[in-house]
Each structure stands twice: as C-alpha cells, then as structure tokens.
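A.B. asks: This is a predicted model, with the sequence first.
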Amino acid sequence: MSLATLDERVALITPAQFLAADGTTWKTIATGGAAGQRIDDVLLSSNGAAAHVVEFRMTIGAISYQLGSVSVAAGAGYAGTPPVQLGATVQPTNSVGWVLSFGASFQARVAVVMGAAEALDVVAFGGAF
C-alpha cells in the first residue's frame, strides 16, 4: 500500500477538549492502528479570555518526542475568528500531515491550566491506511 499524500482508506476525525479540571495532563489525540494512520491537520479553537500554549508530541514505545508548540489566541475559532491550523505552524515545510505507525500516539496538552469557564478544542483530521 502506498503512503502517497492523502491515501487514507478510512476517514478519521479525533477530537479532544481541555478544561480546567484536566490540568496540564497529556491527552492522546490519535493512535496508529494496525496499518498506520495519518493526521492531515489539526484545528485548535479556544473560548478563553487569554491565549494558551498547546504542546504536541509523538510517543513511540516508551519514548516521547516533542514536535513543537503553538499559541492559540483568545477567542480563536469563535465569533468569526479562524481557528489555529497546526499544519501551518508546527509542520515541516512541504509536508502533509503526520504519519503514525502501529501503536505510535499523537498527544497534546496545554502548558498552563485553563480558566474555570474556558475550553480549548483540538480536532485532528486524517485517516487510517
């Protein structure tokens, strides 16, 4: 099977939401299945009153590899403001998505705890091979 751009066989949308109760705990956004998985892009929105930094990593086996971080502005994705597109900020130039081998996981966390009434949404789009 080819690993050509957007060669997914089953579409997947995997969301995660960060609230105050989550603290700064890592959340798994996607885990590579038996044939692998690609995350084509990730959109981030926040209803918070302040910007929040979201960190991303890939975990393979027992080792985690930091991919980078992105600042999500207050109100991003709300009231006509576009969400933050991870592929336009963290992804290497001329790359399309992140490929996850079997068992590898793509994870995210907020660097600072969310406020009491705040929510930050992370929605990954991609598919399984």
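C.D. replies: That came through fine.
A.B. asks: Strands of the chain, residue ranges please.
C.D. replies: Using DSSP state E, the strands of the chain run over residues 10-18, 27-31, 37-46, 52-60, 63-72, 84-85, 98-100, 105-110, 120-128.
A.B. asks: bridging residues for G127?
C.D. replies: According to DSSP bridges, the partner residues bridging G127 are A11, R38.
A.B. asks: So it sits against L12, correct?
C.D. replies: Yes. Counting by C-beta atoms under 8 Å, G127 touches L12, with 5.1 Å between them. For glycine as for every other residue, the C-beta is placed from the backbone atoms N, C-alpha and C.
A.B. asks: hey, what's in contact with both of these two?
C.D. replies: Common contacts of G127 and L12 (C-beta atoms under 8 Å, 6 or more residues apart in numbering): Q37.
A.B. asks: Output the below-cut-off pLDDT ranges for the chain.
C.D. replies: Scanning the chain for pLDDT under 70 picks out the ranges 1-6, 91-94.
A.B. asks: And the residue nearest the centre of it?
C.D. replies: V42 (5.0 Å; C-alpha atoms, centre = their mean).
A.B. asks: For it, which non-adjacent residue is closest in space?
C.D. replies: L86 (3.8 Å; C-beta to C-beta, 6 or more residues apart in numbering).
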